[in-house]
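Colleague: one predicted model, sequence on top.
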Amino acid sequence: MKKRIAVLVSGGGTNLQAILDAQQRGEIKSGEVVLVIANKADAYALTRAANAGVDRCVILKKDCGSSQAAFEQAIIDKLEEYRIDIIVLAGFMSILSEFFTSRYPRRILNVHPSLIPSFCGEGFYGLRVHEAALKKGVKVTGATVHFVNEIPDGGEIILQKAVDVLPGDTPEILQRRVMEQAEWVIFPRAVELVCAGEI
């Protein structure tokens, strides 16, 4: 039986697309994306899900009385409705509390655009990560797939891949290279490892 995967998104969904493409190519064979949950109604990731024939829904914090607990409970209810085994955070711009993460030990995956423990933790997301790497002058950066716990970027590391920082890099250029050369490569691989019970 394939593991049932839910992907939580907030924006464009490039990592969601990488996972859907890997599934289509047969690289993810032990799991299947059956649900995409967005916390923004205009997230383009919802279109990607629709194009792939995947069920999708929007859960907005403001519809939950702006309560984090109620917001997380609404997500949990939807996950249970779909009998979800594995949860993938693909650009999901909401920190999940211990109330949520403790329910799913070693079942929530996230990708972070640096080599943890560098440039990670609270406040390090999106372009900020790459700005910090360039400011520090590192010659190598990359991406990390890790399990999610109550500490931002604090869970056990599953896979990492290094990417060179090149002269003339801007945060935007570096972000794109890290996505193409690292995130889109190791995220689907990690999903398959976890679904297959190999980690």
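Modeller: Okay, I see it. Numbers count the residues shown, from 1 in each chain.
Colleague: for the closest residue to Ile108 other than its chain neighbours, give its distance to Arg25.
Modeller: Among residues not flanking Ile108 along the chain, Val148 sits closest, at 3.9 Å (C-beta to C-beta, 6 or more residues apart in numbering). For the C-beta atoms, the positions are set from N, CA and C on the backbone; glycine is no exception. As for Val148, its distance to Arg25 is 26 Å (criterion: C-beta to C-beta, to the nearest Å).
Colleague: which one's more surrounded, those two?
Modeller: Between Val148 and Arg25, counting by other C-beta atoms under 10 Å, Val148 is the more crowded of the two (25 against 10).
Colleague: ok, the more buried one - contacts?
Modeller: Shown in contact with Val148 (C-beta atoms under 8 Å, 6 or more residues apart in numbering): Ile87, Leu89, Leu96, Thr101, Ile108, Leu109, Asn110, Gly155.
Colleague: apply 6 Å and report the result again.
Modeller: Contacts for Val148 (C-beta atoms under 6 Å, 6 or more residues apart in numbering) come out as Thr101, Ile108, Asn110, Gly155.
Colleague: pick out the most distant pair among these.
Modeller: Spatially, the most separated pair among the contacts of Val148 is Thr101 and Asn110, at 10.5 Å (C-beta to C-beta).
Colleague: higher neighbour count, these two?
Modeller: With neighbours defined as other C-beta under 10 Å, Thr101 and Asn110 compare such that Asn110 has more, 24 against 21.
Colleague: could you check how far the closest residue to the more buried one other than its chain neighbours is from Val140?
Modeller: Nearest residue to Asn110, sequence neighbours excluded (C-beta to C-beta, 6+ apart): Leu89, at 4.2 Å. According to C-beta to C-beta, Leu89 stands 24 Å off from Val140.
Colleague: with neighbour numbers in mind, choose between these two.
Modeller: Looking at Leu89 and Val140 with other C-beta under 10 Å, you find the greater number of neighbours at Leu89, namely 20 against 11.
Colleague: so what does Gln160 have for phi and psi?
Modeller: When read as degrees, to the nearest 10, the backbone of Gln160 gives phi -140, psi 150.
Colleague: chain neighbours aside, what residue packs nearest to it?
Modeller: Going by C-beta to C-beta, 6+ apart, Gln160 has Thr144 as its nearest residue, at 4.8 Å.
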